[in-house]
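Visitor: coordinates only, sequence not included:
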């Protein structure tokens, strides 16, 4: 199996779609209640769904970028606010954290080889 997409609830579609376009994602679906974006690398996509009431989302979406520090600097120059600047975490990923206008948590990170092959990877019996 391959993951198709992740959908986030948003409370203002025009504000949300502007936010993600400004981050650099390509919008491929645009309706008053639903939007989908394509990531610039690979074949992944994610979507936004308009929710009529305030809905708290406890999920986190991760976007990987090899030159994380440069990306964060570019986004700050565009006016983005980060809750956490790029920081090396104990699980060997360098992460920065921000939230979209609806409060959805976004982590920008670089893990390299450690994303799929951390030192503590579970060994599978064959």
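Guide: Received the coordinates, thanks. From a predicted model like this one, the values you see are computed outputs, not experimental measurements.

Visitor: Would you mark the buried spots in stretch 63-76?
Guide: Using 16 or more other CB atoms under 10 Å as the test for burial, stretch 63-76 gives 63-65, 68, 71-72, 75. For glycine as for every other residue, the C-beta is placed from the backbone atoms N, C-alpha and C.

Visitor: got the contact list for that stretch?
Guide: For stretch 63-76, contacts defined as CB atoms under 8 Å, 6 or more residues apart in numbering pick out 23, 39, 82, 85-86, 94-96, 98, 106-112, 115.

Visitor: Let's see which of those end up in strands.
Guide: 85-86, 94-96, 98, 106-110 (DSSP state E).

Visitor: Could you turn the buried ones of the residues you listed into a PyMOL selection?
Guide: Here is the PyMOL selection string for the buried members of the ones in strands among the contacts of stretch 63-76, based on 16+ other CB under 10 Å:
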select buried, resi 86+94+95+96+98+106+107+108+109+110
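
Visitor: Now flag whichever of the ones in strands among the contacts of stretch 63-76 is closest to residue 124.
Guide: Of all those, residue 109 has the smallest distance to residue 124: 24.8 Å, by CB to CB.

Visitor: Is it correct that the closest one is in contact with residue 62?
Guide: Yes - judged on CB atoms under 8 Å, residue 109 makes contact with residue 62 at a distance of 5.8 Å.

Visitor: show me where the protein has strands.
Guide: Using DSSP E, the strands of the chain run over 5-10, 26-30, 34-38, 45-50, 60-64, 84-88, 94-99, 105-110.

Visitor: Turn the ones you listed into a markdown table, columns for mean pLDDT.
Guide: Shown next, in a markdown table, are these (pLDDT from 0 to 100):
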| stretch | mean pLDDT |
| --- | --- |
| strand 5-10 | 91 |
| strand 26-30 | 96 |
| strand 34-38 | 96 |
| strand 45-50 | 95 |
| strand 60-64 | 94 |
| strand 84-88 | 98 |
| strand 94-99 | 98 |
| strand 105-110 | 97 |
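
Visitor: Out of these, the one nearest residue 124 is which?
Guide: Going by CB to CB, the one of those nearest residue 124 is strand 60-64, 23.3 Å.
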